[in-house]
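**Q** Mind looking at a prediction? Sequence and model below.
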Amino acid sequence: MLDPRHSQDTIAAIATPPGDGGVGIIRISGPRARAIARTLFRSANSGFTDFAPYRLHHGQVVNAHGALLDDVLCASMPGPNSYTGEDVVEINCHGGRTVLAAVLQETLDRGARLAERGEFTYRAFMNGRMDLSQAEAVAEMIHAPTKAALHLAQVKLSGLLGQKIAALRAQLETLRAQLAVAVDFPDEELECLSPEALISTVEAVRAEIAGLLRAVDRTRAWREGALVVLAGRVNAGKSSLMNALLGRNRAIVTDQPGTTRDYLEETLNLDGLSIRLADTAGMRATDDAVEAAGLEVGRELMDRADLVLLLTDGAAPVDADTMDAARRLGPAKGLAVLNKADLDEFHEANGAALTDLGLETLAVSARTGAGLDRLATHIRERILRGAGQPDPDELAPNARQAAVLAEADAELAGLADDAGAGVPYDLLSVRLETACDTLSGITGEIAANDVLNAIFDTFCIGK
């Protein structure tokens, strides 16, 4: 758990992903970062006396006995103009796990402490290098599933969301000042804020909040990806369709019913949209406890899904289980897929019962690939229906930020109702202060330690 009392520790961690690679970086931050690095580093330049800021120095890292650990490039970035706002040193090593572990351990032996999750970015936030919305954007960039999600995170990292929230708070703070005048000088002949003007300003702020909240829903698929579930009777071809969409054999395909007893999930990129494709157990009555549990998991996935591909054997009439699932899903969530279009017995009329329920119906052959491109395009269009491409400067709050905005909006709605009902200004000012403080939770001016820990715990160790 991150603790401000340890903010003067010098911390270190591997800042590159785990595994072997060409280059790996050890990051050191804190008041002793340069001193520790000097004890590790032996420059290849005989005239070296100290690290020049923002330059790469070639040399070697040696242990306490002078033995070579690695040939490296070392860079020093003095605070406050560094990522964390503190003195930072980065040692560029060869990217093997063993060499990185050895250099990191030597760094810790010389007086650094192993960084906690997100501690480098936490220090950047605490030292005023970024606000909380920008810190969260760092994690969103790291985990972005698509280029569109990356761009949405970059917009927030630039500080635009923080600036937007600051502008909204400024409008509310102006109202607070006007209310304070009305409360403190009730008998003076001063131009006072009318209830109508107060409500007008509050509603203008609420309209801006509503726009931000609409962006949350509009961009969710781009930011988080979408869950698409394959469902249907046993042997309808769900696993074959999953393999065909993925372009590789991921699910076991046999003629034996009940092969898929749990569910499989894989990621599929549809022209920049990240899809989590889940293959569920085939629907049928069973006395097998394991298969029954798998069917229950499948139903839960269908409830959570953004879209359900309801597969049916197009060479036979639609079965009762598939019809029941279609009624439960409805046309908003269900897309009927008639498989086995390559068979002579296939007839699109076999899907008429599903069409009558309002479900769109597409014919495919998982075996030959016929209709798969059309299906993939249709999945993408269904997920993005009403969303489209994000605007270049789209501000898309994450789930935590959206919850804060909704809380502030509820307080402002109550404030507007109270003002219309003639509630005294001193009581209105309490609601207004609460709304301002709530909004500040987005940028972090007021944020409890448990909130900060929950946010930064989503980071990797080296960030």
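**A** All right, it came through fine. Residues are numbered from 1 along each chain as shown.
**Q** what's the domain layout of the protein?
**A** 4-130, 142-220+398-444, 229-267+278-382 (automatic domain parsing).
**Q** roughly how far is the second one from the heart of the chain?
**A** Mean C-alpha position of domain 142-220+398-444 versus that of the full chain (Cα atoms, centre = their mean, to the nearest Å) differs by 24 Å.
**Q** Just checking: what are the partner strands of the strand or helix carrying residue 94?
**A** For residue 94, the element it lies in under DSSP states H and E is strand 88-95. Sheet pairing of strand 88-95 (DSSP bridges) gives strand 21-29 (antiparallel), strand 68-77 (antiparallel).
**Q** next one: phi and psi at residue 67?
**A** phi -80, psi 140 (degrees, to the nearest 10).
**Q** so how many other residues sit close to residue 420?
**A** As a burial measure, residue 420 scores 12 neighbours (other Cβ atoms under 10 Å). Where C-beta positions appear, they are placed from N, C-alpha and C, glycine not excepted.
**Q** which residues in the stretch 1-150 of the chain form helices?
**A** Per DSSP state H, counting those that start in this stretch, the stretch 1-150 of the chain carries helices over the ranges 33-40, 97-109, 119-126, 132-142, 147-157.
**Q** which parts of the fourth one are buried?
**A** Pointing back at helix 132-142 there. By 16 or more other Cβ atoms under 10 Å, the buried positions in helix 132-142 come out as 132, 133, 134, 135, 136, 137, 138, 139, 140, 141.
**Q** so which pair among those residues is furthest apart in space?
**A** Farthest apart among those by Cβ to Cβ are 132 and 141. That separation is 15.1 Å.
**Q** who's in contact with residue 146?
**A** Taking Cβ atoms under 8 Å, 6 or more residues apart in numbering, we find residue 146 in contact with 222, 225, 269, 272, 273, 274.
**Q** Drop anything exposed from those.
**A** 222, 225, 273, 274.
**Q** mind listing which of those are in helices?
**A** Members of those lying in helices (criterion: DSSP state H): residue 222.
**Q** Make CSV out of the buried ones among the contacts of residue 146 and add distance to residue 379 and pLDDT.
**A** Compiled in CSV, the buried ones among the contacts of residue 146 are given as follows (distance: Cβ to Cβ, whole Å; pLDDT from 0 to 100):
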residue, distance to residue 379, pLDDT
222, 15, 85
225, 12, 87
273, 9, 87
274, 12, 89
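**Q** Make TSV from the buried ones among the contacts of residue 146 and add distance to residue 161 to it.
**A** Formatted as TSV, these follow (distance: Cβ to Cβ, whole Å):
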residue	distance to residue 161
222	16
225	21
273	23
274	22
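**Q** Which of the buried ones among the contacts of residue 146 sits closest to residue 171?
**A** Residue 171 lies nearest to residue 222 out of these, by Cβ to Cβ, at 29.4 Å.
**Q** check contacts around residue 228.
**A** 268, 275, 276, 277, 278, 305, 306, 307, 308, 309, 379, 383.
**Q** what would the domains of the chain look like in CSV with mean pLDDT?
**A** CSV is the format used below for those (pLDDT from 0 to 100):
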stretch, mean pLDDT
domain 4-130, 94
domain 142-220+398-444, 88
domain 229-267+278-382, 81
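**Q** what's near enough to touch residue 427?
**A** So residue 427 contacts residue 418 (Cβ under 8 Å, 6+ apart).
**Q** repeat that for 7 Å
**A** Contacts here follow Cβ atoms under 7 Å, 6 or more residues apart in numbering; on that basis residue 427 touches nothing.
**Q** the inter-axis angle of whichever helix or strand it is part of versus helix 132-142?
**A** Secondary structure from DSSP H and E places residue 427 in helix 425-443. Put simply, helix 425-443 runs at 30 degrees to helix 132-142, going by axes from the mean of the first three to the mean of the last three Cα atoms, to 10 degrees.
**Q** Give me the buried stretch members for the helix or strand just after helix 425-443, please.
**A** Under the assignment DSSP H and E, the closest C-terminal helix or strand after helix 425-443 is helix 449-456. Of all the residues in helix 449-456, those buried under the rule 16+ other Cβ under 10 Å are 452, 453, 455, 456.
**Q** Tell me which two of these sit farthest apart.
**A** It's 453 and 455 that sit farthest apart of the buried residues of helix 449-456, by Cβ to Cβ, at 7.3 Å.
**Q** which one is the most centrally placed residue in the chain nearest to, not counting chain neighbours?
**A** With distances taken as Cα atoms, centre = their mean, residue 140 lies nearest the centre of the chain, 4.9 Å away. Ranked by Cβ to Cβ, 6 or more residues apart in numbering and with sequence neighbours excluded, the top spatial neighbour of residue 140 is residue 153, at 3.8 Å.
**Q** That neighbour: what's it in contact with?
**A** Contacts of residue 153 by Cβ under 7 Å, 6+ apart are 137, 140, 141, 144.
**Q** Isn't residue 169 up against residue 438?
**A** No. Using Cβ atoms under 7 Å, residue 169 makes no contact with residue 438, being 9.9 Å away.
**Q** can you map out the strands along the stretch 101-250 of the chain?
**A** Ranges of strands in the stretch 101-250 of the chain, per DSSP state E, counting those that start in this stretch, are 113-114, 226-232.
**Q** Can you show me the CA trace of stretch 268-278 as CSV?
**A** Provided in CSV are the C-alpha atoms of stretch 268-278 (Å, rounded to 0.1, in the frame of the first residue of the first chain):
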residue,chain,number,x,y,z
LEU,A,268,-10.3,-10.7,-31.8
ASN,A,269,-9.4,-7.4,-33.4
LEU,A,270,-12.1,-6.2,-35.9
ASP,A,271,-10.6,-3.3,-37.7
GLY,A,272,-9.4,-1.6,-34.6
LEU,A,273,-12.2,-2.8,-32.3
SER,A,274,-11.2,-5.3,-29.6
ILE,A,275,-13.7,-8.2,-29.2
ARG,A,276,-13.6,-10.7,-26.4
LEU,A,277,-15.1,-13.8,-28.1
ALA,A,278,-16.4,-16.4,-25.7
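**Q** on that earlier part again, okay, angle between the helix holding residue 427 and helix 119-126 too, please.
**A** Here helix 425-443 points in a direction 140 degrees away from that of helix 119-126 (the same axes, to 10 degrees).
**Q** Give me the angle between helix 425-443 and helix 449-456.
**A** Put simply, helix 425-443 runs at 30 degrees to helix 449-456, going by the same axes, to 10 degrees.
**Q** Return the set of buried residues in helix 425-443.
**A** Under 16+ other Cβ under 10 Å, the buried positions of helix 425-443 are 425, 428-429, 431-432, 434-436, 438-443.
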